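Engineer: 3D model of this:
(one chain, ligands or ions: 1)
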Amino acid sequence: MHPLGHYVRAFNRGPIGRIKAFVSSALIGTLVIALLAGVAFHYASNQIWNAAFGKLNAVGVEVLERSERSSDQIRAAIRDVQTQGALPCSPENLALMAQTNLKYGQLQGVGYVANGRLMCSSYGSHGAGIPLPPPRYQGTSGNLMMLRDVNLSLASSIEPQPVTIITAAGNGYSAILSPTLPIDVFINDRDMAVGTVIYSSNEIKAARGGVDPTWRTRLGDSKHTQFVQNHRIVSLWRSPRYDYFAFAAIPDDEVRARIRYAGLLILSCAAFAMAVLLLAAARSALRRVPLSESIRDALWRREFHLVYQPVVELKTGRWVGAEALLRWRRSTGEQVRPDVFISVAEESGVIEEITDHVFELVTADMAGFFESHPHFHVAINVSSIEIQSPDVVSRLTKFCAGVTGANARNFVIEATERSLIDPEKARNIMEEIRKLGFAVAIDDFGTGYSSLCYLQTLSTDYLKIDKSFIDAIDTESVKNDVVLHIIALAKDLQLRLIAEGVENAAQATYLRDRGVEYAQGWHFAKPMTCRELLSSLGRQTAESIGGPNPSRQP
Ligand SMILES: Nc1nc2c(ncn2[C@@H]2O[C@H](COP(=O)(O)O[C@H]3[C@@H](O)[C@H](n4cnc5c(=O)[nH]c(N)nc54)O[C@@H]3COP(=O)(O)O)[C@@H](O)[C@H]2O)c(=O)[nH]1
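Structural biologist: Below you'll find the model as predicted:
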């Protein structure tokens, strides 16, 4: 576990970040749920309307078919008795009427009408005839005449009942049938109106429930139409052979109630989904985001930038180079310390992306700079993991080629002493890097576990003495002696030394007097932006030509 504990693994968003995360996921979720609810409601109401129209259409078609069947039978029955040629109401004629009545099941009887009276029928002779009301309709198709509905007792044993008498114009033969026959369809909806209407006159032929006279205009010349009008759902079917159309209609309140119910159901589901979503959004906003995830995010959002800490030549005070140090400023303004995010990046495998981003930033910062400062170097930290992997060599080559005016000697590659866990591998890769012309430095020297014997065999240019040893200079600490040993070792191995974290003049003088060539630390300069580095270097160059050197002498 990292000394900074949980902070390394997970990261709390700031309040603004949390609110933003909550609002954005709540907004997106609300939009999606609203869209889905809208689609579901549209689909459900369509289905309900379709079901209602489907039911009406089936009834309308059935009414039309029954009416057409009746019309067919009326025609056929009249034709049958007429073609016999017997004298109307003669015994042979009456016998045929009775036979014909049996043949056509939709008819209640067959008769003969003369001078507005029903003279005889399949039930027998009616003497002087039963008086009938005047006709209410003269048909155009098949030249049929329709008489008014009458209450008729066709035989002494039969109670008077409403019948419709349809007489063939010109010959008096008639069909007698129940006025409700075409609409005697099975309907399990008490509020449903059904019937047939004569198309040419818009007169009701047979009906159960109210008929709207404007329906016919809605039908126009088409065979079928369906619509909602005056709170009724209507289906109309026109006969292609007869002058009438069938209708079926129901009040729309039940359909609308069903749609309202479906809407309410969908709304409740959407409200439930919204509640779940808001809870999930709140949970996710409050969640501690793993730092590795935040690092990837930050790379994508370009939240990193570099600062440069000058490396000073102790003898002259000249700035000979600078170490590039990565900084992470989150969108909330919060700074994340590099020792925190670098170790997480190493653990989680993002470190190569980090180093590549450093390459990118250096490439942009230092473009053209080395043309005017050919002896200056920039030191770049490469993690211990990367120094074990051969592809670092090609990545460095590519990087160097991308920096305008730069040469490999303008870069020092810093690898920590931890990089030497597998000395064989590290040695080969360091050699490769040096062959390309880069200088190599062992960073934080003295803190790791590198054995002195393989240090001898390593291909390196600099040792960077860790700050903890510099802090011990001129103190009673045993580390004070270690500095002297490191200096002696570097001399023996002919390595140049850079002291890290020099904070005062005494430390600087001590180091310079003992032959340490270079140093870094707040005593000379704190890490600064690229712009500050370049302008300070510009001033130094100008003053070295015409005045005193501004950098502090140890
Ligand atoms: N792999 C990468 N590692 C990187 C990169 N950038 C930084 N780092 C490593 O993070 C560690 C912490 O770095 P930082 O907070 O930037 O601290 C550096 C200096 O600011 C600090 N320093 C320098 N002088 C002084 C001083 O006088 N007093 C004082 N208290 N601190 C001082 O020391 C750090 C430099 O460390 P080093 O690299 O060992 O020279 C650190 O380990 C960085 O290496 C990166 O891009 N990649």
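
Engineer: Point out where the protein drops to low pLDDT.
Structural biologist: Counting by pLDDT under 70, the chain shows low-confidence ranges at 1-15, 17, 138-148, 288-289, 419, 448-454, 478-479, 545-554.

Engineer: Return the residues of it in contact with the ligand.
Structural biologist: 309, 323, 325-326, 337-339, 342, 358, 381, 383, 443-444, 500-501, 503, 520-522, 527 (CB under 6 Å from any ligand atom). From N, CA and C alone the C-beta is placed, and that goes for glycine too.

Engineer: so of the residues you listed, which ones are in strands?
Structural biologist: Of the residues of the chain next to the ligand, the ones assigned to strands by DSSP state E are Gln309, Glu323, Leu325, Leu326, Asn381, Asp443, Asp444.

Engineer: which of those are buried?
Structural biologist: Among those, the ones that count as buried by 16 or more other CB atoms under 10 Å are Gln309, Glu323, Leu326, Asn381, Asp443, Asp444.

Engineer: Most widely separated two among these?
Structural biologist: The most widely separated members of those, counting by CB to CB, are Leu326 and Asp444 (16.2 Å).

Engineer: Now do the domain split for this structure, please.
Structural biologist: 12-288, 301-546 (automatic domain parsing).

Engineer: and Ile295, which of those is closest to it?
Structural biologist: domain 301-546 (5.2 Å).

Engineer: other SSEs contacting the helix or strand harbouring Val320?
Structural biologist: Per DSSP states H and E: Val320 is located in strand 319-329. For strand 319-329, the elements it packs on are strand 304-313, strand 335-336, helix 338-348, helix 351-365, strand 377-382, helix 530-546, judged by 3 or more CB pairs under 8 Å, 6 or more residues apart in numbering; DSSP states H and E.

Engineer: is it possible to export these to a markdown table including distance to Arg296?
Structural biologist: Formatted as a markdown table, the helices and strands packed on strand 319-329 follow (distance: least, CB to CB, whole Å):
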| stretch | distance to Arg296 |
| --- | --- |
| strand 304-313 | 12 |
| strand 335-336 | 14 |
| helix 338-348 | 9 |
| helix 351-365 | 7 |
| strand 377-382 | 19 |
| helix 530-546 | 25 |
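
Engineer: wait, which of the ones you listed is closest to Gly209?
Structural biologist: Between Gly209 and these, the tightest spacing by CB to CB is seen for helix 338-348, at 75.9 Å.

Engineer: got the angle for that closest one vs helix 351-365?
Structural biologist: Interaxial angle, helix 338-348 versus helix 351-365 (axes from the mean of the first three to the mean of the last three CA atoms, to 10 degrees): 130 degrees.

Engineer: Which elements pack onto helix 338-348?
Structural biologist: helix 6-9, helix 291-301, strand 319-329, helix 351-365.

Engineer: tell me the most buried of those?
Structural biologist: Most buried of the helices and strands packed on helix 338-348, by mean neighbour count (mean count of other CB atoms under 10 Å): strand 319-329, with a mean of 20.

Engineer: Let me see the residues that make contact with it.
Structural biologist: For strand 319-329, the external contacting residues (CB atoms under 8 Å, 6 or more residues apart in numbering) are 298, 303-313, 335-336, 338, 341-342, 354, 358, 361-362, 375-381, 412, 414, 518, 520, 525, 527, 533, 536-537, 540, 551.

Engineer: Can you show me the CA trace of it as CSV?
Structural biologist: C-alpha atoms of strand 319-329 as CSV (Å, rounded to 0.1, in the frame of the first residue of the first chain):
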residue,chain,number,x,y,z
TRP,A,319,22.2,26.7,-15.9
VAL,A,320,23.3,23.8,-18.0
GLY,A,321,20.1,21.9,-18.2
ALA,A,322,16.6,21.5,-16.7
GLU,A,323,14.6,18.6,-15.4
ALA,A,324,11.1,18.3,-16.9
LEU,A,325,8.6,17.6,-14.1
LEU,A,326,5.0,16.8,-14.8
ARG,A,327,2.2,18.7,-13.1
TRP,A,328,-1.5,17.7,-13.0
ARG,A,329,-4.0,20.5,-12.5
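
Engineer: quick one, what contacts Met528?
Structural biologist: Contacts of Met528 (CB under 8 Å, 6+ apart): Val307, Tyr308, Gln309, Pro310, Ser536.

Engineer: Of those residues, which is the most crowded?
Structural biologist: In terms of neighbours by other CB atoms under 10 Å, the contacts of Met528 top out with Tyr308 at 26 neighbours.

Engineer: quick one: that residue and Arg531 touch, right?
Structural biologist: No. Tyr308 is beyond contact range of Arg531, at 10.0 Å (criterion: CB atoms under 8 Å).

Engineer: follow-up on the earlier one: now tabulate the domains of the chain in JSON lines and tack on distance to Ser294.
Structural biologist: Formatted as JSON lines, those follow (distance: least, CB to CB, whole Å):
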{"stretch": "domain 12-288", "distance to Ser294": "9"}
{"stretch": "domain 301-546", "distance to Ser294": "8"}
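
Engineer: contact partners of stretch 269-286?
Structural biologist: 13, 18-19, 21-22, 25-26, 29-30, 33-34, 36-37, 40.

Engineer: mind listing what's buried in that stretch?
Structural biologist: Neighbour-count burial for stretch 269-286 [16+ other CB under 10 Å]: Ala270, Ala273, Met274, Leu277, Ala281, Ala285.

Engineer: So which of the residues you listed is the closest to the ligand?
Structural biologist: The ligand has its nearest neighbour among the buried residues of stretch 269-286 in Ala285, at 29.8 Å by CB to the nearest ligand atom.

Engineer: Sticking with the closest one, tell me its helix or strand.
Structural biologist: Per DSSP H and E: helix 253-286 holds Ala285.

Engineer: just how off-centre is that helix within its chain?
Structural biologist: 18 Å (CA atoms, centre = their mean, to the nearest Å).

Engineer: ok, now stretch 211-226?
Structural biologist: The answer for stretch 211-226 is 45 Å, by CA atoms, centre = their mean.

Engineer: The residue nearest to Val255 when sequence neighbours are not counted: neighbour count?
Structural biologist: Excluding its sequence neighbours, the residue lying closest to Val255 (CB to CB, 6 or more residues apart in numbering) is Ala52, at 4.8 Å. The local packing of Ala52 (other CB under 10 Å) involves 21 other residues.

Engineer: Which phi and psi values does Ala52 adopt?
Structural biologist: Per-residue torsions, Ala52: phi -60, psi -50 (degrees, to the nearest 10).

Engineer: and it, what does it touch?
Structural biologist: Ile233, Ile250, Asp252, Val255.

Engineer: what does stretch 483-497 contact?
Structural biologist: Taking CB under 8 Å, 6+ apart as the rule, stretch 483-497 contacts 445-446, 452, 455-456, 460-465, 469-470, 472-473, 511, 514-518.

Engineer: Tell me the buried residues within these.
Structural biologist: Here, 16+ other CB under 10 Å leaves 445-446, 455, 460-465, 469-470, 472-473, 511, 514, 516-518 buried among the contacts of stretch 483-497.

Engineer: Strands - which of those residues land there?
Structural biologist: Counting by DSSP E, the buried ones among the contacts of stretch 483-497 contribute Phe445, Tyr462, Leu463, Lys464, Ile465, Tyr518 to strands.

Engineer: Looking at those residues, which one is closest to Ala193?
Structural biologist: Lys464 (98.3 Å).

Engineer: who's in contact with the closest one?
Structural biologist: Taking CB under 8 Å, 6+ apart, we find Lys464 in contact with Glu414, Ala441, Ile442, Asp443, Asp444, Phe445, Leu497, Ile498, Ala499, Glu500.
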